[in-house]
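Colleague: Build the 3D model from these lines:
(2 chains)
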Amino acid sequence: MKNRLKVLRAERNWSQADLAERLEVSRQSVNAVETGKYDPSLPLAFKLARLFETTIEAIFSDES
Amino acid sequence: MNCMNNPAVRRYLWRFLVTMLLYVAFLVLAVVIFVHYHPTGPLAWLLAFLPALSIIAQIAAFGMYLAEEKDEFMRNLQIQALLWGIGATLSVTVTWGFLENFVHLRHMDLIWIYPIYCVLSGLALGIQQMRYK
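Modeller: You can find the predicted model right below:
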């Protein structure tokens, strides 16, 4: 699954560690989601959407 | 979140330490009593069971960690490592069993199954961690 996490982070000048702290997960988890190696659950996707004040669809797309 | 800042990891390490200390204490106690007093009957059964009980507690501690881990990706990594560890341990032990029966390979005591599982699942976790680094 593709995502815009890197862009959204860059817009806020957040590192992966900053985002991980806000999500209360490890930096490794953020990296795995951002690089598309791990697809987050719905609760984590909603948490990301709330944090970036947008919708899940605006962050993730199911294009391979 | 650093792994040591993770409350679920901290609680697991604490429980792991306690079960390991209990294991060492029970094992030493059982060995000393068996060597010096040669117990029989229920006492022998109880002494033999105590070290196993601490290993069972250690397995339960890992189960509690999985239930308490809030980071779903880390939980997923641990579960994958657990499954690889179980699969690899079953493969090694069943192969060893057939070799023991048919080509008289040295007998392996069942108590080695848990340490083998720990090593193999630890290796699997290391490989998983490198994959997602």
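Colleague: ok, the residue of chain A found nearest chain B - how many residues close by?
Modeller: Minimum separation of chain A from chain B (Cβ to the nearest Cβ) falls at A:Ser29, amounting to 3.7 Å. From N, CA and C alone the C-beta is placed, and that goes for glycine too. Applying other Cβ atoms under 10 Å in any protein chain shown, we find 26 other residues in the vicinity of A:Ser29.
Colleague: The closest residue to it other than its chain neighbours: which element?
Modeller: The shortest distance from A:Ser29 to any non-neighbouring residue, by Cβ to Cβ, 6 or more residues apart in numbering or on different chains, is to B:Phe73 (3.7 Å). If you go by DSSP states H and E, B:Phe73 is part of helix B:72-103.
Colleague: Kindly calculate the angle that the longest helix along chain A makes with helix B:72-103.
Modeller: The single longest helix within chain A, with elements called by DSSP state H, is helix A:42-51. Angle of helix A:42-51 versus helix B:72-103, following axes from the mean of the first three to the mean of the last three Cα atoms, to 10 degrees, is 150 degrees.
Colleague: Surely the residue of chain A closest to chain B is in a strand?
Modeller: No. Going by DSSP: H, G, I helix; E, B strand; the rest coil, the assignment for A:Ser29 is helix, not a strand.
Colleague: rewinding a little: which residues does the residue nearest to A:Ser29 contact?
Modeller: Listed by Cβ atoms under 8 Å, 6 or more residues apart in numbering or on different chains, the contact partners of B:Phe73 are A:25-26, A:28-29, A:32-33, A:38, A:40, B:132.
Colleague: How about B:Ala124?
Modeller: Counted by Cβ under 8 Å, 6+ apart, B:Ala124 has contacts B:80-81, B:84-85, B:88.
Colleague: Which one of these is nearest to chain A?
Modeller: Proximity of these to chain A was ranked by Cβ to the nearest Cβ; the top entry is B:Gln80 with 11.0 Å.
Colleague: what about that closest one, how many neighbours?
Modeller: So B:Gln80, with other Cβ under 10 Å, has 16 neighbours.
Colleague: For it, give its distance to B:Pro42.
Modeller: 42 Å (Cβ to Cβ, to the nearest Å).
Colleague: cool, and A:Leu23?
Modeller: 53 Å.
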